[in-house]
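Chemist: Quick one, fold the following:
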Amino acid sequence: MITLETKKRKLEYAIGIDLGGTFIKSAIVDSKGKIIKHYKTETFSEISPKKVLSQIEKCIDFLMKDFKKEIVGIGIGAPGIVTNGVMKYPPNFRGWKEVNLARHFARKYKTESIADNDANCAGLAELKFGHGAKHKNFIFLTLGTGIGGAMIIDGRLYRGEQNGAGEFGMMTINYNGPMCLGGNRGSVEAHLGRNYFLEQNKKEIKKLGKNIDFADISQLALKGNKTAKKLLNLYGFYLGVAITNYFNLMDVRTAILGGGISNAYRSFIGEVNKTIKQKSIKTIRNKFRVLRSTINNDAGVLGAAALIFE
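Modeler: Numbers count the residues shown, from 1 in each chain. Here you go, the predicted structure:
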């Protein structure tokens with residue numbers, strides 16, 4: 001009798017960088033998705049690309065210090081369109097044009113470096129380490145300062161011709177709506193990005209108290225505050241409209257929500273589901289799911305590292 005033995009795949013280690021407009025999150029991640037060591041620092045995106053690159057280097061240097069095992073590569077999740085390692089005109093990074101992230105860190109640390117859109121990275125993390133075990137077709141949405149998205153089709157990340165697929169925040173949902181920094185009037189981001197939403201609804205928010213943030217609105221809504229519930233219903237309505245457009249176009253029935261605002265999931269999900277039921281095609285109407293990410297806080301660094309393990 002002949003038996004075939006499969007060798008256990010050697011555990012590998014990569015660095016994942018989640019480049020945000022306010023903070024940079026970083027971690028050493030193994031190929032099974034376990035975070036070994038992590039570090040977080042400010043981005044200073046308003047200063048210059050050179051300053052931001054030095055902040056990323058600060059993260060990498062901290063992670064590599066005293067780590068005895070080989071790092072097989074550095075993955076970077078960055079906002080906006082990222083093509084061939086180049087971050088192009090990222091939203092919420094004023095004055096930026098094009099920065100070749102992958103080349104910079106490959107040369108600096110003499111190792112493989114891959115950069116991709118941050119929402120793509122989060123979607124990849126969800127596919128490999130989260131809900132992806134059960135759902136091979138889904139859209140992943142990041143809800144925060146900006147709004148991003150990733151499309152998983154047949155168990156693979158779909159990037160599009162120029163690596164720009166899933167730019168959820170740039171979809172128009174209100175032709176006469178407000179303008180976003182990306183120059184698109186009535187976009188998803190102009191309605192659902194944290195700062196946009198707070199600014200556009202500041203009169204109502206003032207009724208709730210001073211220094212009210214999205215998390216405060218969510219807590220008040222869950223406690224029954226009528227003004228807070230009205231605000232979150234508005235948020236849920238626009239999010240539901242946007243998700244419905246994706247569902248109807250792609251014949252996908254699952255959406256997964258990540259990013260800081262997804263922490264308020266319970267306070268707006270009812271309105272999201274209600275809107276999708278009203279506006280989606282019949283084959284989707286009663287068979288869709290809008291889930292909250294199971295790896296929300298770590299999705300960015302896990303997905304960035306997963307770029308190296310792909």
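Chemist: helix, strand or coil for Arg94?
Modeler: Here Arg94 takes the coil state, with states given by DSSP: H, G, I helix; E, B strand; the rest coil.
Chemist: what about it, how many residues close to it?
Modeler: Arg94 has 10 neighbouring residues, counting by other C-beta atoms under 10 Å. All C-beta spots, glycine's among them, are computed from the backbone N, C-alpha and C.
Chemist: domains for the chain, by residue range?
Modeler: For the chain, automatic domain parsing gives the domain ranges 13-122+299-309, 135-292.
Chemist: With mean pLDDT and distance to Lys128 as extra columns, can I get these in a markdown table?
Modeler: Conversion of these to a markdown table gives the following (pLDDT from 0 to 100; distance: least, C-beta to C-beta, whole Å):
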| stretch | mean pLDDT | distance to Lys128 |
| --- | --- | --- |
| domain 13-122+299-309 | 92 | 5 |
| domain 135-292 | 91 | 10 |
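Chemist: Out of those domains, which is the most enclosed?
Modeler: Among those, domain 13-122+299-309 has the highest mean neighbour count (mean count of other C-beta atoms under 10 Å), at a mean of 20.
Chemist: and that domain, how far from the chain's centre?
Modeler: Relative to the centre of its chain, domain 13-122+299-309 is centred 14 Å away, using C-alpha atoms, centre = their mean, to the nearest Å.
Chemist: Between the two ends of that domain, how far is it?
Modeler: 9 Å (C-alpha to C-alpha, to the nearest Å).
Chemist: Beta-bridge partners for Thr142, please?
Modeler: Per DSSP bridges, the residues bridged to Thr142 are Gly148, Gly258.
Chemist: can you pull the contacts of it?
Modeler: Asp118, Ala119, Ala122, Gly148, Gly149, Gly258, Gly259 (C-beta atoms under 8 Å, 6 or more residues apart in numbering).
Chemist: One more pass at 6 Å, please.
Modeler: By C-beta atoms under 6 Å, 6 or more residues apart in numbering, the contact set of Thr142 is Ala119, Ala122, Gly148, Gly258, Gly259.
Chemist: so what's the backbone phi/psi at Glu46?
Modeler: Here is the backbone geometry of Glu46 (degrees, to the nearest 10): phi -80, psi -10.
Chemist: what's the nearest residue to it if we skip its chain neighbours?
Modeler: Residue nearest to Glu46 in three dimensions, not counting chain neighbours: Arg94, with 6.1 Å by C-beta to C-beta, 6 or more residues apart in numbering.
Chemist: what separates the one you found from Lys50, distance-wise?
Modeler: 15 Å (C-beta to C-beta, to the nearest Å).
Chemist: before we move on, what about Gly144?
Modeler: Counting by C-beta to C-beta, the gap from Gly144 to Lys50 is 25 Å.
Chemist: same deal with Leu231?
Modeler: 40 Å.
Chemist: At which residues are the strands of the chain located?
Modeler: With DSSP state E, the ranges of strands along the chain come out as 13-19, 23-30, 35-42, 73-78, 81-83, 86-88, 98-100, 112-117, 138-143, 147-153, 156-158, 254-258, 289-292.
Chemist: And those strands: which comes nearest Gly236?
Modeler: Evaluated over the strands of the chain, closeness to Gly236 peaks at strand 289-292, with 10.0 Å, by C-beta to C-beta.
Chemist: Okay, now the sheet partners of that closest one, with direction.
Modeler: Strand pairing for strand 289-292, determined by DSSP bridges: strand 254-258 (parallel).
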